[in-house]
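Asks: Let's see this in three dimensions:
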Amino acid sequence: MENQNNVTEFVFIGLWENKQIELIFLFLFLLCYLAVLMGNFIILFTITCSHLIQQPMYYFLCHLSFMDLCYTSTVIPRLIRDLAAARKNISYNNCMTQLFTGHLLAAVEIFILVSMAFDRYVAIVKPLHYMVVMNRHRCNLLIVTAWIVGFLHAIALLLVILHLPFCGPNQIDHYVCDVKPLLKLVCKDIRVVNILMIANSGIVVVVVFVLLVVSYILILYHLRTHSSAGQRKALSTCSSHIMVVVLFFVPCIYIYILPPGSENKDKEISVFYTVIAPMLNPLIYTLRNVEMKIAIRKTWSKTTHSEFK
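Replies: Down below sits the predicted model:
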């Protein structure tokens, strides 16, 4: 049966319908976006311009910061623009592009977090084999795999949405084009599609989160045999990673494991992984990491000296 689609654009309802509140949050989200840009740029610049780029953990962190920059740039600039606009409209094609790009980058970020957990597991559980297992070739392979898996996830979602009919309502109860708010506008029975969406996004996120939790339980178990100094250093890096994982995964699980018809706070909760987590990630990884703080001081003092010569 041919897909009947009469919708050429969508209109976001947004986070709030009160214009005064929207203007206040426009300023707050602008500050958040500037913090995301500045924090992640500092991490990218510091790692790429220092010896840290040779270490797998910081190599993955560099890619994570790049993903945070890209992912937030698909969401926050339009959110800021819509908070200032009288009408929050987006064309059908741009909506589909945002849907695909957002899920691609988020999925890549998820699997980079998995790669970071694998790196910590090998470093603590198999320290003698660390340099052999986590060589640059394998690190690159993990990054390429993250992009392939992310692309397959995003294209699968996009192809399902493109074949659904939108033939009337076009108001999206959200501030971004995402699967669940779009499914509410489809004019046909979507029970099977709901199951596919939950399987593609919700169950995958839950499984990955469980794997990450298990990996850190094993890491903590093996830390018993380390010296107190080694335990403190390992816990410092691991605790940072656990905080980032919780900030990103818990809101995702809440949103994508529930069916679209559920009455929940999807758009409010999604602010955690689209705005707050990418803003806090640089702080979490720098404030709790002595090696990173030393590298930042050295790199930026070297840059400042070279400018004034």
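Asks: can you pull out the strands in the stretch 51-200 of the chain?
Replies: Under the criterion DSSP state E, counting those that start in this stretch, strands of the stretch 51-200 of the chain are mapped to 89-91, 171-172.
Asks: Using JSON lines, please lay out those strands together with distance to residue 10 and mean pLDDT.
Replies: Every residue, glycine included, has its C-beta placed from N, CA and C. As requested, the strands of the stretch 51-200 of the chain are arranged in JSON lines below (distance: least, C-beta to C-beta, whole Å; pLDDT from 0 to 100):
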{"stretch": "strand 89-91", "distance to residue 10": "5", "mean pLDDT": "89"}
{"stretch": "strand 171-172", "distance to residue 10": "5", "mean pLDDT": "86"}
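Asks: Kindly reformat those strands as JSON lines containing distance to residue 280.
Replies: Shown next, in JSON lines, are the strands of the stretch 51-200 of the chain (distance: least, C-beta to C-beta, whole Å):
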{"stretch": "strand 89-91", "distance to residue 280": "28"}
{"stretch": "strand 171-172", "distance to residue 280": "27"}
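Asks: Pipe those strands into JSON lines and attach mean neighbour count and distance to residue 272 per row.
Replies: Formatted as JSON lines, the strands of the stretch 51-200 of the chain follow (neighbours: other C-beta atoms under 10 Å; distance: least, C-beta to C-beta, whole Å):
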{"stretch": "strand 89-91", "mean neighbour count": "15", "distance to residue 272": "22"}
{"stretch": "strand 171-172", "mean neighbour count": "18", "distance to residue 272": "19"}
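Asks: Those strands: which one's closest to residue 199?
Replies: Proximity to residue 199 (C-beta to C-beta) singles out strand 171-172 among the strands of the stretch 51-200 of the chain, at 22.8 Å.
Asks: Show me what that closest one packs onto, helices and strands only.
Replies: strand 9-12 (3 or more C-beta pairs under 8 Å, 6 or more residues apart in numbering; DSSP states H and E).
Asks: Which stretches in the stretch 201-309 of the chain count as helices?
Replies: Ranges of helices within the stretch 201-309 of the chain are 204-222, 228-256, 266-269, 271, 277-287, 290-308, based on DSSP state H, counting those that start in this stretch.
Asks: Cool, thanks, signing off.
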